[in-house]
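> Give me coordinates for this.
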Amino acid sequence: MRELKVERIPVRIERSGLNPWADFRLFWEYQRLFKERKAAAYLGFTIKPNIYGSLAASSLGIAAIPNVSGLGTAFIRQGALQQIVTRLYRLAFRRTPVVFFQNDEDKGLFVERRIIRPAQARVLPGSGVDLGRFSPALPAPGPPTFLFIARLLRDKGVVEFVDAARKLRQDLPNVRFQLLGPIDPGNRTAVRRAELDSWIKEGVIDYLGVTDDVRPFIAAATAVVLPSYREGMPRVLLEAGAMARPAIASDVPGCRDIIEDGVNGYLCAVRDPLSLATAMRRMAELPAARRLAMGDAARRRVQEEFSEEVVVDAYLKALAETA
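Numbering: from 1, shown residues only. You can find the predicted model right below:
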């Protein structure tokens, strides 16, 4: 950011907290920053910045352009929290000229529930991928390796991944199952450290910890696995595809926008360890040439539909419209 002469200002956010006073302080902090910086526009991303940043910007007559990158736990799990979040979204997006979504199903849900007007909604191909930085990698040597990359949340399907690995280890003892990502204790669906330790002790998975650069891990994998309950447009699947790795993912919004079953990976039933195990077994037993062809198809799809240039151009167009 310094090289680009971008000023970075940390803003404290209680990501999963439900304290209204903390959220009001966040709104006030956004409002104060926008006034001080004489902001021309606000680009939001993720739930609380989208809601409270957009509310603060609109209160000052500043154009807000939020990006609904996924619906999160509040929409996956029904209940009072979903109703509260829906009302907050409706209030926050009332004056926003453009609301970006990362798949058509999320956009359709917001329009159907009258959270936004149809004219506000636009769909992006995810966050885009730098095709030069994420370049094709040679096939990984050794036994098949399945790599789960995500925060270790139940909503990301980590428990289903572990259960599927447990089923497959009996028949495919040489196959590797790896987890890469943080525990994230601030999230209500996070697995506990003791639970992770028990999986490691059992020998069902290898925990790789956390990293700032996923590329070496993707390069060493046979396929990337994301059995999530719902996504916006999962970046990890795009990065895997850019590196010519097939993927296995749940047949849910976001994932099925990237994976074409049998072409660049496999889709499995959501919340179903047996279906996931079946897909991983199919991948493990594929001839090397067939897996290579799947990886090539994954790279082509990302090149054709998910380049970051498309995302940048969409933002520039939206900003020009608000000028």
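
> what about the nearest residue to residue 217 once chain neighbours are set aside, distance to residue 315?
Leaving aside its chain neighbours, residue 217 sits nearest to residue 180 (5.5 Å; criterion: CB to CB, 6 or more residues apart in numbering). (C-beta placed from N, C-alpha, C; glycine too.) Look at residue 180 and residue 315: by CB to CB, to the nearest Å, they are 29 Å apart.

> Buried residues of stretch 306-322, list them for me.
Judged by neighbour count using 16 or more other CB atoms under 10 Å, the buried positions of stretch 306-322 are 306, 307, 308, 311, 314, 315, 318.

> tell me the least confident of these?
Among these, residue 307 carries the lowest pLDDT, at 86.

> Just grab the bridge partners of it for me.
Counting by DSSP bridges, residue 307 forms beta bridges with residue 129.

> List the contacts of it.
125, 128, 129, 131 (CB atoms under 8 Å, 6 or more residues apart in numbering).

> please redo it, this time with the cut-off set to 10 Å
Residue 307 makes contact with 125, 128, 129, 130, 131, 238, 242, 313, according to CB atoms under 10 Å, 6 or more residues apart in numbering.

> Let me have these in a markdown table, extended by distance to residue 293 and pLDDT.
Listed next are the contacts of residue 307 as a markdown table, based on distance: CB to CB, whole Å; pLDDT from 0 to 100:
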| residue | distance to residue 293 | pLDDT |
| --- | --- | --- |
| 125 | 23 | 89 |
| 128 | 25 | 87 |
| 129 | 21 | 92 |
| 130 | 24 | 92 |
| 131 | 19 | 93 |
| 238 | 19 | 96 |
| 242 | 16 | 97 |
| 313 | 31 | 94 |
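
> Quick check, pLDDT for the residue nearest to residue 217.
98.

> beta partners for it?
residue 149.

> Just give the closest residue to residue 277, not the sequence neighbours.
Closest to residue 277 by CB to CB, 6+ apart is residue 164, at 3.9 Å.

> Where do the domain boundaries of the chain fall?
20-128+308-322, 145-305 (automatic domain parsing).

> where's the shortest one relative to the chain centroid, distance-wise?
Okay, so that is domain 20-128+308-322. With CA atoms, centre = their mean, to the nearest Å as the basis, domain 20-128+308-322 stands 16 Å off its chain's centre.

> Show me the helices in this structure, by range?
Ranges of helices in the chain, per DSSP state H, are 20-37, 47-48, 54-59, 72-76, 80-92, 104-112, 158-169, 193-202, 215-219, 235-242, 273-285, 288-305, 308-322.
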